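> Provided below for reference: sequence and predicted model.
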Amino acid sequence: MMKVLQYNMQLNERKRGSHLVTEEIFQNITEIQTISKGLCHVFIQHTSAPLTTNETADPPLTQAFETVCNKSVPETDRDY
């Protein structure tokens with residue numbers, strides 16, 4: 001039998017940049033630690049906050065990704 005769980009939560013506010021949110025999700029959804037198999041869908045309802053899924057085993061990867069994003073979409077006073 002398949003069990004479906006759905007949660008709504010609000011992440012802590014952060015400044016521009018790449019941020020790991022795994023621990024914050026685990027802290028807010030304690031039942032997630034009882035699941036041994038499953039699929040997790042994460043939807044972020046914010047127009048300027050993209051969500052990416054990356055392995056964090058290689059910290060330079062996160063830094064490289066953020067560098068590319070900052071060059072692609074610089075922070076300026078202009079509206080895009």
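Looks like it arrived, so ask away.

> how close does the most centrally placed residue in the chain get to Gln45?
Centroid-nearest residue in the chain, with C-alpha atoms, centre = their mean: Leu51, separated by 4.8 Å. Counting by C-beta to C-beta, to the nearest Å, the gap between Leu51 and Gln45 amounts to 10 Å. From N, CA and C alone the C-beta is placed, and that goes for glycine too.

> What of Tyr7?
Distance, Tyr7 to Gln45, using C-beta to C-beta: 13 Å.

> Extract the CA atoms of the strand or helix carrying Gln27 and return them as CSV.
Using DSSP states H and E, Gln27 maps to helix 22-28. Listed next in CSV are the C-alpha coordinates belonging to helix 22-28 (Å, rounded to 0.1, in the frame of the first residue of the first chain):
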residue,chain,number,x,y,z
THR,A,22,18.0,19.4,3.7
GLU,A,23,18.5,19.8,7.4
GLU,A,24,15.8,22.4,7.7
ILE,A,25,13.3,20.1,5.9
PHE,A,26,14.3,17.2,8.2
GLN,A,27,13.7,19.4,11.3
ASN,A,28,10.3,20.5,10.1
